[in-house]
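# For reference, the sequence and a predicted model appear below.
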Amino acid sequence: MIREGLAVAVILLFFGMSVVPSTAVKEFKEVSTVSFDGNTLYVGGSGPNNYTKIQDAVVNASAGDTIYVYYGIYYERVFLSITLTIIGISSEFGKPVVDANKTGAVFSIGADSCVIDGFVAKNAGVWASSAKACFMVNSYYNIIKNNICLGYTYTGIFLSPKSDYSTIHNNTISDCIYGIYGPYNPTGGSYYTNITNNHVFDCGKGIELVAIRNVYVYNNEVHNNNEGILLENGGYNQVVENTVYENGAWGICIFWMNYPCYVIKNYVYNNNGHGILISAMLAHTLVSENYIIGNAGRGVCIANSPDSEIYFNHIENNGIGVDVADSEDTTIQSNNIFNNDREAKFSISPCKWSNNYWVGPLLFRKIIFGKKALNLFPNINIPWINIDRHPAQEPYDIGV
């Protein structure tokens with residue numbers, strides 16, 4: 001099972017590389033596989049030699065073993081210090097449940113190349129501590145998939161700075177302070193990690209990852225949280241084909257990256273703040289092929305992020321369609337921008353507008369009103385205009 005799980009991780013990593021042009025993406029490092037021919041142990045069920053607790057099976061296992069857990073409710077915490085695959089066997093009542101009874105992390109993973117598949121993990125506790133997580137990942141090349149995290153828990157899935165090459169796939173996370181969380185650490189964050197196909201809702205913060213590189217956030221559904229998706233400090237990250245809606249603040253926020261990032265083909269709608277917020281970027285950011293509809297704030301907000309590119313998006317029914325602030329050499333090209341309370345604005349630094357579709361056919365040009373800083377007095381802004389000299393005559397088919 002370990003060979004299978006790691007193969008999945010490799011496939012997901014290289015699939016992530018194929019989503020945007022190869023010239024725009026820094027390659028992921030290849031995941032090296034580990035081969036084991038281990039034994040099989042069982043927990044629960046009716047077998048004569050089956051264990052009654054998961055941790056007892058873990059203690060008696062050897063590296064490379066697989067542990068199958070039959071449906072039941074297990075009041076315990078599970079600590080992995082050797083490479084294991086632990087698989088829940090569902091019944092007509094659902095997945096096996098592991099309840100930590102508010103005492104700490106349900107599954108603590110301290111060994112590389114582990115797989116945890118098919119559990120309900122709950123009640124880690126809500127005190128502000130990384131130890132209060134359904135899954136605490138503190139090692140490399142691990143796979144957490146097909147699980148449910150819920151109930152009286154601070155963090156659904158916690159990724160420590162030593163959790164590189166993790167795959168977090170197809171988990172359902174709700175009723176946590178943080179859904180998926182990788183906090184800042186001076187030594188770095190989670191690198192080369194895939195966050196794919198997860199459903200995160202009714203949490204304080206949906207997905208928040210800090211000090212990260214080469215992280216691939218793909219095809220997640222993130223909704224009804226206080227905040228949607230936040231990636232902060234790092235670079236070469238991709239946010240692709242996620243559905244992000246009805247969150248209290250932003251839908252997607254990319255903040256303070258030193259290297260390029262890409263926000264592509266997401267469906268971002270009905271968030272109470274901005275749809276997509278790009279802020280304090282020190283490198284190129286591409287926002288492309290997204291549907292951004294019905295957000296109370298800006299559809300796309302670019303702040304203090306020079307050389308950003310807003311290309312081929314559908315931006316409709318937002319408070320302000322596009323707002324660019326202090327982001328020199330930002331390009332806004334070939335987007336649909338219409339039916340927003342205000343279509344577009346800029347401040348401090350003029351932008352490059354070209355071939356966008358606005359309301360109705362415009363024969364000559366579209367004027368965008370904003371403000372420009374005076375060269376000699378940069379703290380003074382005066383009214384200014386930008387011009388889209390070649391507006392599109394009909395809307396683009398974005399095709400997300």
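It's in.
# First-to-last residue distance for stretch 280-297?
Criterion Cα to Cα, to the nearest Å; first-to-last residue distance in stretch 280-297 is 18 Å.
# list the buried ones in it?
For stretch 280-297, burial by neighbour count (16 or more other Cβ atoms under 10 Å) applies to 281, 284-295, 297. For glycine as for every other residue, the C-beta is placed from the backbone atoms N, C-alpha and C.
# okay but N247 is in contact with L230, surely?
No. Under the criterion of Cβ atoms under 8 Å, N247 makes no contact with L230, lying 10.6 Å away.
# Which one of the two is surrounded by more residues?
N247 (27 against 19; other Cβ atoms under 10 Å).
# Give the helix, strand or coil label for that one.
coil (DSSP: H, G, I helix; E, B strand; the rest coil).
# What distance do you get for it to N142?
Distance of N247 to N142, given as Cβ to Cβ, to the nearest Å: 28 Å.
# after the host helix or strand of G299, next one along is what?
For G299, the host element (DSSP states H and E) is strand 298-303. With elements assigned by DSSP H and E, the helix or strand that comes after strand 298-303 is strand 308-311.
# Who are the packing partners of that following strand?
strand 285-288, strand 298-303, strand 331-333 (3 or more Cβ pairs under 8 Å, 6 or more residues apart in numbering; DSSP states H and E).
# and the first one, what does it pack onto?
Secondary-structure packing of strand 285-288 (3+ Cβ pairs under 8 Å, 6+ apart): strand 261-264, strand 276-279, strand 308-311.
# so Q55 sits in a strand?
No. Counting by three-state DSSP, Q55 is not found in a strand; it is helix.
# Could you tell me how many residues sit around it?
Counted with other Cβ under 10 Å, residues neighbouring Q55 total 16.
# Wait, it touches E76, no?
Yes. Between Q55 and E76 there is a contact under Cβ under 8 Å: 5.6 Å.
# Starting from D307, give me the distance back to I73.
Taken as Cβ to Cβ, the span from I73 to D307 is 54 Å.
# should've said R77
On the measure of Cβ to Cβ, R77 and D307 end up 48 Å apart.
# So which of these two has more stuff around it?
R77 (19 against 15).
# can you count the residues close to the closest residue to the more buried one other than its chain neighbours?
Distances taken as Cβ to Cβ, 6 or more residues apart in numbering place A100 nearest to R77, at 5.1 Å, with adjacent residues excluded. Number of residues near A100 (other Cβ under 10 Å) recorded here: 25.
# ok, A100 - contacts?
Shown in contact with A100 (Cβ atoms under 8 Å, 6 or more residues apart in numbering): 75-77, 106, 121-125.
# Using CSV, lay out those together with distance to I367 and secondary structure.
Formatted as CSV, the contacts of A100 follow (distance: Cβ to Cβ, whole Å; DSSP: H, G, I helix; E, B strand; the rest coil):
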residue, distance to I367, secondary structure
Y75, 66, strand
E76, 66, coil
R77, 63, coil
V106, 57, coil
A121, 55, strand
K122, 56, strand
N123, 58, coil
A124, 55, coil
G125, 56, strand
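# Please indicate which of these are buried?
Buried by 16+ other Cβ under 10 Å: 76-77, 106, 121-125, out of the contacts of A100.
# least confident pick among the residues you listed?
For these, the weakest pLDDT value sits at G125, with 90.
# picking that back up, so for N247 and L230, which residues contact both of them?
Common contact partners of N247 and L230 (Cβ under 8 Å, 6+ apart): none.
# which stretches of this protein aren't confidently modelled?
1-37, 128-130, 187-188, 361, 400 (pLDDT under 70).
# Per the annotation, how does it divide into domains?
Domain assignment of the chain by automatic domain parsing yields the ranges 1-184, 249-400.
# can you list the ones you listed in a markdown table and add distance to T196?
Listed next are the domains of the chain as a markdown table, based on distance: least, Cβ to Cβ, whole Å:
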| stretch | distance to T196 |
| --- | --- |
| domain 1-184 | 5 |
| domain 249-400 | 14 |
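# right, so of the ones you listed, which gets closest to Y191?
The closest of those to Y191 is domain 1-184. By Cβ to Cβ, the value is 4.5 Å.
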